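need a 3D model of the sequence below.
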Amino acid sequence: MPGRVKKQIMGDINMVPFIDIALILLIIFMVMSPFLVQMQLNVDLPKSSSVNAVVEDDLIRIEVLKDGTIIVQEQKVTMSELQRELTLRMGKANKKAILVQADKDVPVQIVVDVFDIAKELGAAKLGIGVLERK
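Model prediction:
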């Protein structure tokens, strides 16, 4: 039978669906990771009776965790790297405000050291983050 076509079994695995799923999972993890990191950073701020709002555009947020870890705009730095990081973030205008959100159990000396570095760099305003007392 010359007109008959012989059927063969395909032995290859189609990788396209696997790659599609892997890329979708990668995108999901890339989008969710900043939120997961922010949720893990837990700073227990002290309370105050007066709380002022600050414009977010001209604000550099520095968090000091219980263990002494310093985070500048969600980027972990050491005390020795803090001056270089603030210099890069402040730019030449130096019109930025510095907000330090330190855990209430952090030694005051660490907060004072952060303020000293910010003042040396010519920060326009220095502030400390607190929660409103209820």
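
so where's this structure uncertain?
Scanning the chain for pLDDT under 70 picks out 1-3, 37-57, 92-94, 130-134.

quick one, strands of it?
Under the criterion DSSP state E, strands of the chain are mapped to 47-48, 59-64, 70-72, 75-77, 97-102, 125-128, 131-132.

most packed of those strands?
strand 97-102 (a mean of 21; mean count of other CB atoms under 10 Å). From N, CA and C alone the C-beta is placed, and that goes for glycine too.

returning to what we had before: distance to Ile27 for the strands of the chain - can I get that in JSON lines?
Putting the strands of the chain into JSON lines (distance: least, CB to CB, whole Å) gives the following:
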{"stretch": "strand 47-48", "distance to Ile27": "40"}
{"stretch": "strand 59-64", "distance to Ile27": "27"}
{"stretch": "strand 70-72", "distance to Ile27": "25"}
{"stretch": "strand 75-77", "distance to Ile27": "22"}
{"stretch": "strand 97-102", "distance to Ile27": "31"}
{"stretch": "strand 125-128", "distance to Ile27": "37"}
{"stretch": "strand 131-132", "distance to Ile27": "35"}
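
ok, the nearest residue to Lys125 once chain neighbours are set aside - contacts?
Sequence neighbours aside, Ala97 is the residue nearest to Lys125 in space, at 3.9 Å (criterion: CB to CB, 6 or more residues apart in numbering). Contact criterion CB atoms under 8 Å, 6 or more residues apart in numbering gives 54-55, 58-60, 123-127 as the residues in contact with Ala97.
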